[in-house]
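Student: Build me a model from this:
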Amino acid sequence: MWKSKDVYYISGNTGILAKDMGKALLCQFPEISFNEELIPFIRSESQARRALDKILQQSNGRYPLVFSTLLSIKLNQIFDTPEVEFLNIIDHFLVTLEDLLEAKAIREPGTSRHLDDNTMTRRVNAIHYSIAHDDGTGTKDYDEADLIIVGVSRSGKTPVSVFIATQMGLKAANYPLVQDDLTSIRLPSEIVRNKKRVVGLSTSPQMLHAFREKRYPGSTYANLATCEQELQQSDQIFLKYQIPVVFSDGRSIEETATQVAQELDLKRQPGF
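Tutor: Next up is the predicted model:
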């Protein structure tokens with residue numbers, strides 16, 4: 001069994017699909033360490049050959065894994081050599097679809113991205129909104145949010161909000177429960193009136209302590225007893241306002257974000 005393996009994601013565009021699909025498969029082998037690199041925007045044979053030369057030189061005969069979402073048969077043939085373990089993610093499905101649909105795929109990179117400029121506009125607007133309404137900023141604009149994530153400091157609100165904006169096209173605001181909120185067991189009016197779009201984010205005291213200790217080691221803020229108390233108070237707030245709660249500890253950002261969206265029955269925007 002390999003203890004470590006070099007992995008390359010190659011694509012004619014950004015490579016997001018190749019990387020996401022590759023990671024989804026590789027995570028099933030936690031005992032192996034993977035050294036990953038993304039090589040995007042391969043559009044010509046010369047670019048493909050340069051990329052292959054780089055891969056072979058860096059991997060030094062250790063048979064790297066190459067995940068490809070290249071649509072060009074010629075470009076894929078360049079990488080399909082005995083020196084690498086080549087996995088063509090797209091081609092298998094395209095060939096099957098060609099048979100099922102009795103039609104030929106055009107095999108042009110980036111076609112789906114060019115079909116709908118509104119998708120990019122939605123993504124940009126969602127990202128801008130998420131950034132402008134991070135960590136309790138701009139609460140007066142919460143009426144425009146698709147969802148509002150509420151939780152104590154360092155519970156993971158920001159990365160989940162950003163993921164939801166970039167990968168789902170949804171406007172996600174997040175609000176940190178400050179000491180006044182926690183001691184009074186009350187939420188600001190801007191959140192209460194939008195309660196149907198609010199999800200609580202929680203975690204374990206141990207996980208919260210670990211995150212805070214990295215940021216402010218030895219502080220009262222990071223103390224385990226403080227973490228326990230704040231989480232208990234946040235639970236009381238969620239219960240009082242009947243806010244659904246998602247626990248982030250032990251889950252990836254993607255898993256947490258997906259469950260947050262599911263709690264409000266929110267769907268990814270078209271094109272995402």
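Student: Next, work out how far apart His209 and Pro244 are.
Tutor: Distance, His209 to Pro244, by C-beta to C-beta, to the nearest Å: 25 Å. For glycine as for every other residue, the C-beta is placed from the backbone atoms N, C-alpha and C.
Student: And the residue lying closest to Asp6 once chain neighbours are set aside, how close does it get to Leu170?
Tutor: Nearest in space to Asp6, with sequence neighbours left out and distances taken as C-beta to C-beta, 6 or more residues apart in numbering, is Pro64 at 3.8 Å. With distances taken as C-beta to C-beta, Pro64 is found 36 Å from Leu170.
Student: Tell me which of those two has more neighbours.
Tutor: Each of Pro64 and Leu170 has its neighbours counted (other C-beta atoms under 10 Å); Leu170 has more, 26 against 20.
Student: Thought Leu266 was touching that one, still the case?
Tutor: Yes: contact criterion C-beta atoms under 8 Å: Leu170 and Leu266 qualify, at 6.1 Å.
Student: Can you work out which residues contact both of these two?
Tutor: Common neighbours of Leu170 and Leu266 (criterion: C-beta atoms under 8 Å, 6 or more residues apart in numbering): 146-147.
Student: In contact with Ser219, which residues?
Tutor: Counting by C-beta under 8 Å, 6+ apart, Ser219 has contacts Arg212.
Student: what phi and what psi does the backbone show at it?
Tutor: phi -90, psi 160 (degrees, to the nearest 10).
Student: and if you look at the one 3 residues further on?
Tutor: Taking degrees, to the nearest 10, you get phi -90, psi -10 for the backbone angles of Ala222.
Student: Grab the nearest non-local neighbour of it.
Tutor: Closest residue to Ala222 apart from its sequence neighbours, by C-beta to C-beta, 6+ apart: Arg212 at 3.7 Å.
Student: For the one you found, give its distance to Ile73.
Tutor: Distance, Arg212 to Ile73, by C-beta to C-beta: 53 Å.
Student: Looking at these two, which has the bigger crowd around it?
Tutor: Using other C-beta under 10 Å as the criterion, Arg212 and Ile73 rank with Arg212 on top: 21 against 11.
Student: where along the stretch 151-272 of the chain do the helices fall?
Tutor: Remark: helices assigned in the stretch 151-272 of the chain by DSSP state H, counting those that start in this stretch are 157-168, 179-184, 189-192, 205-215, 224-240, 253-263.
Student: winner for burial among those?
Tutor: Among the helices of the stretch 151-272 of the chain, ranked by average contacts under mean count of other C-beta atoms under 10 Å, first place goes to helix 157-168 (a mean of 23).
Student: can you map out the strands along this structure?
Tutor: Along the chain, counting by DSSP state E, strands occupy 4-10, 33-39, 65-68, 85-88, 147-151, 172-176, 198-202, 245-247.
Student: where in the stretch 101-250 of the chain is pLDDT low?
Tutor: Low-confidence segments of the stretch 101-250 of the chain (pLDDT under 70): 108-117.
Student: still on that earlier bit, verify the stated contact: the residue nearest to Ala222 with Cys227.
Tutor: Yes: proximity of Arg212 to Cys227 meets the contact threshold set by C-beta under 8 Å, at 6.8 Å.
Student: any chance of the helices of the stretch 151-272 of the chain in TSV, with distance to Leu56 too?
Tutor: Output for the helices of the stretch 151-272 of the chain, formatted as TSV (distance: least, C-beta to C-beta, whole Å):
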stretch	distance to Leu56
helix 157-168	33
helix 179-184	57
helix 189-192	55
helix 205-215	39
helix 224-240	49
helix 253-263	32
